[in-house]
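J.: Sequence and computational prediction follow.
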Amino acid sequence: MSQGNVIKSEQSLWWLFQRISGLSLVLLLLLHFIILHFTGGGEMTYERISARLNDPLWKVFDLAFLFFALSHGLYGLWIITGDYIRWDWLRVLVFFGLVLLAVVLFAFAAITLIPFF
Amino acid sequence: MHRVSGGRVIKHYVWHTGTWAWVLNRLSGLGLVFYLVLHIVVIHFVRQGPESFDALMGFLSTPLWRFLEWGLLGIILYHSFNGIRIVMIDLGWVVELRAQKAAFWTVVVIGLAGWFAGGVLFLLHMTG
């Protein structure tokens, strides 16, 4: 830590992000898990789920959770594919594929999370 | 690992503890991305109204899906605890190789304990 306090490149910024989002996800998931499975009887019914999704505070929580989960997961995929895909043009293709996947999944989930029922 | 032998580079892996930790982290991470996509799709059904959503939830509470969810719990526990181990190594809190290996086995033991405890909760929930 003593010699590594300077962020030198985009990669190391992403490296740092993966640590911070990872630790955040552990806490967010723990809360998500306790609320859904250990409070209110733990039943997954429309009534219960839609009531929670209608709470503006949970909307903010879930959107933040979604953002961290998607970026952490898809950056992970980017790193994994980087170990096996060597050709530059395919790397570019994978990059845009993952960005597209991120946008589509975020939009699809946001359609569930944002509107009120 | 690369070893130079008689002018030729022989490329092969030696499976150390850290290699297992790394491979398991990748596989569990891939599993979690797959689950995240499924989760987003499943919860999207809440927009289809009560009948549709409750029918889907009914289907997903059959023993097979409960068993798969228990598997998911194991994957989450490993990826979380090993992630914390990685951050601790990066912060310089766990430096020596032996300590890193000990940290890995701690992850395995705590993870398995949590996994089996979770399995008991699953069974209690399903039977009662």
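T.: The structure has been received and is ready for your questions. Numbers count the residues shown, from 1 in each chain, chains lettered A, B, ... in the order given.
J.: so what pLDDT did the spatially most central residue of chain A get?
T.: When chain A is reduced to its mean C-alpha position, the nearest residue by Cα atoms, centre = their mean turns out to be A:Ala69, at 1.7 Å. pLDDT, the model's per-residue confidence, is 97 for A:Ala69.
J.: so who does it touch?
T.: Listed by Cβ atoms under 8 Å, 6 or more residues apart in numbering or on different chains, the contact set of A:Ala69 reads A:Leu25, B:Leu36. Just so you know, the C-beta spots here come from the backbone N, C-alpha and C atoms, and that holds for glycine as well.
J.: cool, B:Trp105 as well?
T.: Neighbour list for B:Trp105: B:Thr17 [criterion: Cβ under 8 Å, 6+ apart].
J.: and what of A:Leu101?
T.: A:Leu101 touches A:Leu74, counting by Cβ under 8 Å, 6+ apart.
J.: any idea which helix or strand carries the residue nearest to the centre of chain A?
T.: When secondary structure is defined by DSSP states H and E, A:Ala69 falls within helix A:56-82.
J.: Helices along chain B, start to end?
T.: Taking DSSP state H as the criterion, chain B contains helices spanning B:17-44, B:50-59, B:63-90, B:97-127.
J.: Make CSV from the ones you listed and add mean pLDDT to it.
T.: Rendered in CSV, the data for these read as follows (pLDDT from 0 to 100):
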stretch, mean pLDDT
helix B:17-44, 96
helix B:50-59, 93
helix B:63-90, 96
helix B:97-127, 93
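J.: These: which one's closest to A:Gly22?
T.: helix B:63-90 (4.7 Å; Cβ to Cβ).
J.: What are the buried residues along that closest one?
T.: By neighbour count on 16 or more other Cβ atoms under 10 Å in any protein chain shown, the buried set for helix B:63-90 is B:70, B:72-87.
J.: for stretch A:42-59, same thing?
T.: Buried positions in stretch A:42-59, judged by neighbour count with 16+ other Cβ under 10 Å: A:Met44, A:Tyr46, A:Ile49, A:Ser50, A:Arg52, A:Leu53, A:Trp58, A:Lys59.
J.: and these near chain B, which?
T.: With the criterion set as Cβ under 8 Å from any Cβ of the partner chain, the members of the buried residues of stretch A:42-59 near chain B are A:Met44, A:Tyr46, A:Ile49, A:Ser50, A:Leu53.
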